[in-house]
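>>> Fold the following.
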Amino acid sequence: MLLIPDFQADGTLPSGIHWAEWPEIEKRFGHNPHRRQLLAGFREAAKELQKAGCKAIFLDGSYVTAKDMPGDYDACWAIRGVDANKVDPVFFDFKNRRAAQKARFFGEFFPGEWPQGMSGKTFLEFFQLDKDTGKPKGIVGFDLERWQC
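Just a heads-up that it's a prediction; the model follows:
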């Protein structure tokens, strides 16, 4: 059963968190070699976070839009219950616009419950707003507790 809705006229997902299983994420967003490479990085990061006890990760950015060639993706991860000693330090390396994260995983990661800059919102809340219009938009949630990697 597919859970991710169709894109809206502006190319974004309807507002909210759209929970999906891995096969649907692959089918929906991995439809060309570039997108598959980005998705492979996301998968590697998800496995690393899962090892540390992370329960959920959220996929955002132009990757979860109708854009055919997104530059990268943005993601945030649920920190509640995570063993910080088991989290790869790269997930806390924000130097040089998260260059180490991008080099390893082809995307950027933020702790979901942390505040985003000046917005006053958590990254999980911030990701659900269009950066240009401020209007609500959708993101994709991935349950790491149910995933058998």
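
>>> so what does the longest helix anywhere in the chain touch, helix or strand wise?
Determined from DSSP state H, the single longest helix within the chain is helix 33-51. The helices and strands touching helix 33-51, judged by 3 or more CB pairs under 8 Å, 6 or more residues apart in numbering; DSSP states H and E, are helix 22-29, strand 56-60, strand 74-77, helix 99-105. (C-beta placed from N, C-alpha, C; glycine too.)

>>> among those, which is nearest Leu144?
For the helices and strands packed on helix 33-51, the distance to Leu144 is smallest for strand 56-60, at 6.0 Å, taking CB to CB.

>>> centre of the chain versus the closest one, how much separation?
3 Å (CA atoms, centre = their mean, to the nearest Å).

>>> what about the longest helix of the chain, average pLDDT?
In this model, helix 33-51 has an average pLDDT of 97.

>>> circling back to that earlier point, between the helices and strands packed on helix 33-51, which one is closest to Gly138.
Of the helices and strands packed on helix 33-51, the one closest to Gly138 (CB to CB) turns out to be strand 56-60, at 9.1 Å.

>>> coming back round to it: can you add mean pLDDT and give the helices and strands packed on helix 33-51 back as a markdown table?
Output for the helices and strands packed on helix 33-51, formatted as a markdown table (pLDDT from 0 to 100):
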| stretch | mean pLDDT |
| --- | --- |
| helix 22-29 | 94 |
| strand 56-60 | 97 |
| strand 74-77 | 98 |
| helix 99-105 | 97 |
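
>>> Let me have the ones you listed in TSV, extended by distance to Gln37 and mean neighbour count.
Below are those laid out as TSV (distance: least, CB to CB, whole Å; neighbours: other CB atoms under 10 Å):
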stretch	distance to Gln37	mean neighbour count
helix 22-29	12	16
strand 56-60	15	23
strand 74-77	15	26
helix 99-105	11	17
